[in-house]
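Asks: Predicted model follows, preceded by the sequence.
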Amino acid sequence: MTIPKILGMSGSLRDASFNTMLLKAAITSYGEADAQIAELNLPLFDGDLEAKGIPEAVTKLASQIAEADAVIIANPEYNKGISGVLKNALDWVSRVPGNAFRGKPTLVIGAAAGRTGGETSYYMTRNCLAPLGAAVLATPAVLIAGAHGEFNEDGTLKSERYQENLDGVVATLRDIATRR
Ligand SMILES: Cc1cc2nc3c(=O)[nH]c(=O)nc-3n(C[C@H](O)[C@H](O)[C@H](O)COP(=O)(O)O)c2cc1C
């Protein structure tokens, strides 16, 4: 059996990001996999920069997405919207010939400080993935609310219920990715 390739994308660049913790928890939940976390610290999209040639970091990201069996995106909420880091990455990837996201099984999850766990950002992220043709999973939303109190020091989730919810949606992703 070939080992599935999973690509994680975190919409937060900070070292202690709860979204990166959640992403790692999701990757662990996936089980045996060749998992990578994408570098999203990319230059800001700029048509003039694009005209000089798509940056290598962007073509690498597009290749990682294209080669992955499944993509997991963990995204915070910034002022009721998608993080600029993630939007910038999606905009760049959309400019790389070959349409890396087309039909790609993609799970969106998130962690945020607020009471909804970033629900507005979650739906906005799903909308932003639509033009790219990603096969975004229609699962119950796993959104970690009040994220500051929900992770142990080792990055694992404190709440069994959140962990069970995460395991459930990751299992759905695994089933769909395996069936392709
Ligand atoms: C510019 C900015 C805007 C934010 N807006 C929201 C928001 O609209 N809703 C929310 O729940 N949290 C908001 N937060 C708090 C984030 O959810 C919190 O900082 C979270 O930990 C960020 O994710 P990270 O831990 O992965 O970096 C905001 C934080 C920043 C820096």
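Replies: Okay, I see it.
Asks: all contacts plus neighbour counts: C-alpha atoms, from now on.
Replies: Will do.
Asks: Specify the local secondary structure of L166.
Replies: Secondary structure, DSSP: H, G, I helix; E, B strand; the rest coil: L166 is helix.
Asks: Let me fix that, I meant to ask about Q36.
Replies: Q36, by the three-state scheme (three-state DSSP), is strand.
Asks: where exactly do the helices run in the protein?
Replies: 18-30, 47-52, 56-67, 84-94, 119-129, 160-179 (DSSP state H).
Asks: Dump these into CSV; add mean neighbour count as well.
Replies: Formatted as CSV, the helices of the chain follow (neighbours: other CA atoms under 10 Å):
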stretch, mean neighbour count
helix 18-30, 23
helix 47-52, 10
helix 56-67, 18
helix 84-94, 20
helix 119-129, 19
helix 160-179, 16
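Asks: so which of those helices gets nearest D154?
Replies: Closest to D154 of the helices of the chain, according to CA to CA: helix 18-30, at 8.7 Å.
Asks: between that closest one and helix 160-179, what angle do the directions make?
Replies: Angle of helix 18-30 versus helix 160-179, following axes from the mean of the first three to the mean of the last three CA atoms, to 10 degrees, is 60 degrees.
Asks: Could you pull up the residues touching the closest residue to L61 other than its chain neighbours?
Replies: Closest residue in space to L61, ignoring its immediate chain neighbours: A38 at 6.7 Å, by CA to CA, 6 or more residues apart in numbering. Each residue near A38 by CA atoms under 8 Å, 6 or more residues apart in numbering is listed here: L7, G8, M9, S10, L61, Q64.
Asks: tell me the phi and psi of A38?
Replies: A38 adopts backbone torsions of phi -70, psi 150, taken as degrees, to the nearest 10.
Asks: From E164, how far off is it?
Replies: Note on A38: its distance to E164, by CA to CA, to the nearest Å, is 25 Å.
Asks: what do you get for M9?
Replies: Counting by CA to CA - M9 and E164 are separated by 21 Å.
Asks: How about the residues of the protein by the ligand?
Replies: 12, 14, 17-19, 76-80, 112-114, 117-118 (CA under 6 Å from any ligand atom).
Asks: most surrounded residue in the residues you listed?
Replies: When neighbours are counted by other CA atoms under 10 Å, P76 leads the residues of the chain next to the ligand with 32 neighbours.
Asks: pLDDT score for that one?
Replies: The model reports P76 with a pLDDT of 98.
Asks: That one: what's it in contact with?
Replies: Counted by CA under 8 Å, 6+ apart, P76 has contacts G11, S12, N19, I82, S83, G110, A111, A112, G118, S121.
Asks: residues contacting the closest residue to A141 other than its chain neighbours?
Replies: Spatial nearest neighbour of A141, excluding adjacent residues (CA to CA, 6+ apart): I109 at 6.7 Å. Contact partners of I109, counting by CA under 8 Å, 6+ apart, are I72, I73, A74, N75, Y122, A141, V142, L143.
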